[in-house]
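Enquirer: below: sequence and its predicted model.
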Amino acid sequence: MTGHTGTPRRSSAEGRDFRTQLKAFKKTIGGNIVRLRKSQNMPLAILSKRTGFSAARLDYWEMGRQNIDLVAIIRIARALKVPQEMLLGVPGPDRP
């Protein structure tokens with residue numbers, strides 16, 4: 001059975017698992033943004049200026065409270081001068 005968008009409906013257990021995974025992923029990305037920003041002694045206001053995102057929005061992303069899109073991840077990674085994979089928590093060729 002599919003939902004109104006044509007995507008398969010999830011059971012309530014699958015839905016809970018998906019929400020749990022999404023929450024953990026948002027926290028991973030947010031934690032990585034904070035860690036990398038602080039490792040560069042960069043105030044939130046400077047990251048805001050470099051990315052064009054408000055400090056409030058960046059703060060929500062850092063806390064894992066809002067979904068973040070790929071464009072935002074790319075802009076933040078560029079502002080921090082790091083590969084996008086570092087924000088996602090994906091190991092790179094030179095990182096375990």
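Expert: Looks like it arrived, so ask away.

Enquirer: would you map the helices across the protein?
Expert: Per DSSP state H, the chain has helices spanning 12-39, 44-51, 55-62, 70-80, 84-88. These are given in chain order.

Enquirer: number of residues surrounding A56?
Expert: By the other Cβ atoms under 10 Å criterion, the neighbourhood of A56 contains 10 residues. In this view, the C-beta of every residue, glycine as well, is placed from N, C-alpha and C.

Enquirer: what does G64 give?
Expert: Going by other Cβ under 10 Å, the residues that sit close to G64 add up to 20.

Enquirer: rewinding a little: could you dump the helices of the chain into a markdown table with mean pLDDT added?
Expert: Below are these laid out as a markdown table (pLDDT from 0 to 100):
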| stretch | mean pLDDT |
| --- | --- |
| helix 12-39 | 91 |
| helix 44-51 | 98 |
| helix 55-62 | 97 |
| helix 70-80 | 97 |
| helix 84-88 | 94 |
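
Enquirer: does M63 touch I33 like I think?
Expert: No. Under the criterion of Cβ atoms under 8 Å, M63 makes no contact with I33, lying 9.9 Å away.

Enquirer: which one of these two is surrounded by more residues?
Expert: Neighbours around M63 and I33, counted as other Cβ under 10 Å, are more numerous at I33. The numbers are 28 against 14.

Enquirer: residue contacts, the more buried one?
Expert: I33 makes contacts with 58, 61-62, 76, 80, 87, as judged by Cβ atoms under 8 Å, 6 or more residues apart in numbering.
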